[in-house]
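>>> what follows is a predicted protein model with its sequence.
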Amino acid sequence: MRRWLPLALLGALLVFALALAARPQVDHSEAARVTRIASEVRCPTCRGQSAAESDAEAATAVKTFIRERLGQGASDAQVKAELADRFGTSILLRPPASGVSGLVWALPVAAFILAAGGLAYAFWRWRSRGLRQASDEDVVLVARARRTWERTG
Amino acid sequence: MSQVTEVRGAGEPAGAPDAPRGKRSVLFAVILAAVVLGAFVVLLVGAKEPDSRSTVVGKPAPSIDRAFGTLKGGDRVSLADFRGRYVVLNFFASWCTPCVTEHPELVRFQKQHAALGDATVVQVLYSDKPAAARQFFAERGDGGWPVLIDDEGRFALDYGVTGPPTSFLIDPQGFVLASVKSAIDQAGLEDLLNRAKQGRP
Amino acid sequence: MNAVLGSMGVLLGLAGAIAGVAALATGLVTRKESLLRSGTVYALMVLAGAVTAFAAMERALLTHDFSLKYVADNHSRSTPTMYTIASLWSRLEGSILLWALILAGYGAAMAWRFRARRGDPVVAWATLVVLSVSIFFFALLAGPADPFGTVRPVPLNGPGPNPLLQNHPLMLVHPPILYLGYVGFTVPFAFAIAALATGRLGEGWLVETRRWTLLAWGCLTIGIAMGAWWSYEVLGWGGFWAWDPVENASFLPWLTATAYLHSVMVQERRGMLRVWNLSLLCATFALTILGTFLTRSGVLESVHAFSNSSIGHWILAFFAVIVVVVIGLIGWRGDRLRSPGTIDSPVSREGAFLINNLLFAAFAFVVLLGTVFPLVTEALKGDRITVGRPYFDRMSAPIAVSLLFLMAVAPVLPWRKASAETLRTRMQWPLTFAVAVTVVLAASGLRGWLALLAFFLGGLGGGSAVRQLILATRRNGWRGLVGRTNGGMVVHIGVVLIAVAFAASAAYASRAEVSLTEGQSTTVGGHKVTYLGTDTRRFAASNPKAAVVTARLRVDDGRVYVPAITQYRTQTQGIGTPSVRTGLLEDVYTTLVQAPSEPGGPATIGVLVHPLTVWLWIGAGLMGLGTMLAAFRVGRPIPPVTPRPPPPTGRRQPERPRAGGPKRQLDRVPVGARDRTLTTPGKATP
């Protein structure tokens, strides 16, 4: 058990460091909020680029709008909903988790769980099969085969 | 070597490639692939016409009072100035090719309806420089309608415009009746207007 | 003249490919070796056609032959020579031409490499597959994507290539290298089909195509990295990866190919996963075609744009043919592909490879689904949704973290089964190093547990890779750096650098956009940026550029950086060019967002402080280097596929009825041996 002590120590140290780093550091300044919302909104004239990244006039307008609405006390979700109301939901870069578009979130998770389950089952089967399979007859054959090889090779 | 194969023969029945089992799995795999691919193709070819109606349709037209000015240096324009008339509000840019195509159609529409006094075109410059737009009108003819300079994209945002050209038909009471997200021609505009007058959306 | 020459080249290539397929097919059916041997000639004929067509197009561009529509659309007299050469692949038709040239090159190289075995049905089948793929691409060039159409009247000048494509020398190398990657997978794919068709499904074809796969994978990796670099240096949005469909299209085959490179080792060692490996390889090839379809047919702009593009239908049909053929063949050979092997424990090298494959497959699924999902909703419901960066970031983060962990642990795992004791001793130093790194970083004030977790796993992965390299070089000197395992470790170090840089940039980048008057300064991320003024340069009317406005910015009271906006005559929107102070720890990335509207007025400046960006490029370089090292073979061939005495480890083990060493031998030997002796009689071990 003594040999595992350093390992446990390292683990504790790691958890401590991560816990120290996990202290929330969300920036609540308005500029940060604007950037955060804008990075989840597509620049209306561009393809795929977010309003935060784009310099296009339409992106600037979106940022100005967000700033204005936040200044009037709107919540993040409200601002996004208002933008979606104007441009349609396709303006939001994060597909909504409900309705048909919820599939884009659920399918990979479901597929992963299925595949991981399948792999776990395969490991389990290999394990049981591997232990069962080598019969006495096999062992004899193996030994004979080995002798042949050792003589010839 | 021969012994080794013998072992394998004993433990695992060697599969012949043309065993019925193999045949069935081919059929299954090919059918599966065909179904998936077929679904994909049907999806692509038989896609529904996308719903391109703007979300402002049916609501009061957002204000365009805050303009940075008009192209001709005139006063600000308000939609309220056109109460009692239908307004075709058109977002355009000099760099957009479909806008160039639809320009003469708008001019013809305007000429006809300015005389009748029942409708007018109002344009908003979208993501473009006033100088470029002035040249656009100098080259392609001025329809005589007001052209607003957008308040840093704010009008486009309020109307949910994602790119030029986009047109909106606003009724005499100031409600948005229809939106068109592509180039329009005079006939299409007349049709929209007639249907609006008969109360058919 | 150029048009005629080019069209002749395309027709020669098409004719050569069709004739080659016909000859090889006849030869395979009638078992006539003389016909099989002719495959090389046809491959060379296709290459000659492709080179002719390519040369004709380059010549047309360089001699300003505006009678060609492609030249008239993509070239101007004032385009610099370098970008003139590159403008061949600036549009659809030209990029198909480049694809055809590289494909023909691979076909000829393959025929040359295997010329000694021309009569072998496997080689004949592989050549036949490559030629069949060539038929498709040359048919595109002859029909729907003809680059040699002409215009009348002949214009005197053209608009030049897309401004974004004439902004950086990387445009000269990025597309060809990326295509070397894409197209390169045709060769292993062809051998996979050949193995399926001939029924020689052992490990022979894997070994034969190992270096071809590595070459393609390495080029794809470098190509993707160059694309990211170009995006960073040219596009001016300050990022390098946007989960854009074009990027996803290149990333998808990379993911499946990476999975394949790992799982193939399980097959070579244990004779297992045959169907899976074939599927991965064929999926990689099919995904390169699907990617071309997605990015070239306009289908992603709208389903209806696809309906109007004829090339889209062609590529989709070709993709369908590939999928049906592959699935049909695998189904047909299903029984021969079943392998009796077992894996004893998930905590083993092969177990780790399987989990690796699960994660890579999940990753590919997420990227594929996210890319095509908007199409599905548009087709089903008529309204579009956007699947953008937040989705991909959210879904890929857990997968990437798991992969990073696996990458740290897997290289120290022994084959078959690992004991806790082995793991402890082997992970001791990497773990100590990684914990030390994390503690130091956390103590120095870095926050955000995800980023620190990524740094920890990076330290762990880097540590275990370095450990392996140290052990190997201690044993074998410089040879400890070459070979698959050691080269792979160099690749892993590259991946670690990229992962760490990605995590750092996601967590610690700071960005600001400020309006400054001359002499004013702003501080972003601890760096002071002072705006000194702008210079405007105007160009003559013949130049496609109208003007360049350059801002002068002094960073940290040191050097002056000069981001610019270039105004092209054909576009009202200016094209921004960033100016970057590159550093080992952080980049200061400056852009001119808006030039002053009147002289001396305020300008809008964008400043982005990006940590560790340079390590992305260093990491990508290491991945390329590692791939090359992995392609070298040290000593005897790694996969033991012929009967030989059990390894010494087996001998030391007591002979008890466990499914251990002896069984492993029994499982794999027959098929591998049979295949090996059939395909390479000369190389079989004594």
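Here it is on my side, so go on. All values derive from a computational prediction rather than experimental measurement.

>>> what's the distance between the residue nearest to C:S67 when sequence neighbours are not counted and chain B?
Distances taken as C-beta to C-beta, 6 or more residues apart in numbering or on different chains put C:V154 closest to C:S67, at 4.5 Å, once the chain neighbours are dropped. All C-beta spots, glycine's among them, are computed from the backbone N, C-alpha and C. The gap separating C:V154 from chain B is 23 Å, by C-beta to the nearest C-beta, to the nearest Å.

>>> check contacts around C:V154.
The contact partners of C:V154, taken as C-beta atoms under 8 Å, 6 or more residues apart in numbering or on different chains, are C:F66, C:S67, C:A72.

>>> those residues in helices, which ones?
Among those, DSSP state H puts C:A72 in helices.

>>> from the contacts of C:V154, which single one is nearest chain B?
Nearest to chain B among those, counting by C-beta to the nearest C-beta, is C:A72 at 17.3 Å.

>>> report the buried residues of whichever helix in chain A runs longest.
Counting by DSSP H, the longest helix found in chain A is helix A:103-133. By neighbour count with 16 or more other C-beta atoms under 10 Å in any protein chain shown, helix A:103-133 contains the buried residues A:L103, A:V104, A:W105, A:P108, A:F112, A:A115, A:L119, A:F123, A:W126, A:R127, A:G130.

>>> tell me, how many residues neighbour the nearest residue to B:G160 once chain neighbours are set aside?
Leaving aside its sequence neighbours, B:G160 sits nearest to A:R86 (C-beta to C-beta, 6+ apart; 4.0 Å). For A:R86, the neighbour count with other C-beta atoms under 10 Å in any protein chain shown is 21.

>>> in which helix or strand would I find A:R86?
Applying DSSP states H and E as the criterion places A:R86 in helix A:76-87.

>>> report the buried residues of that helix.
Under the neighbour-count criterion of 16+ other C-beta under 10 Å, helix A:76-87 has A:V79, A:K80, A:L83, A:A84, A:R86, A:F87 buried.

>>> quick revisit: kindly supply the PyMOL command isolating those of the contacts of C:V154 that are buried.
The following PyMOL line selects those of the contacts of C:V154 that are buried, judged by 16+ other C-beta under 10 Å:
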select buried, chain C and resi 66+67+72
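
>>> which elements pack onto the longest helix of chain A?
Applying 3 or more C-beta pairs under 8 Å, 6 or more residues apart in numbering or on different chains; DSSP states H and E, one finds that helix A:103-133 makes contact with helix C:349-381, helix C:389-409.

>>> let's see 7 Å
Judged by 3 or more C-beta pairs under 7 Å, 6 or more residues apart in numbering or on different chains; DSSP states H and E, the packing partners of helix A:103-133 are helix C:349-381.

>>> quick check: mean pLDDT across the helix it packs on?
Taken as a whole, helix C:349-381 has a mean pLDDT of 91.

>>> now swap in stretch C:77-92 and tell me
On average, the pLDDT along stretch C:77-92 is 89.

>>> in that stretch, what's buried?
For stretch C:77-92, burial by neighbour count (16+ other C-beta under 10 Å) applies to C:T79, C:Y83, C:T84, C:A86, C:S87, C:L88, C:W89, C:S90, C:R91, C:L92.
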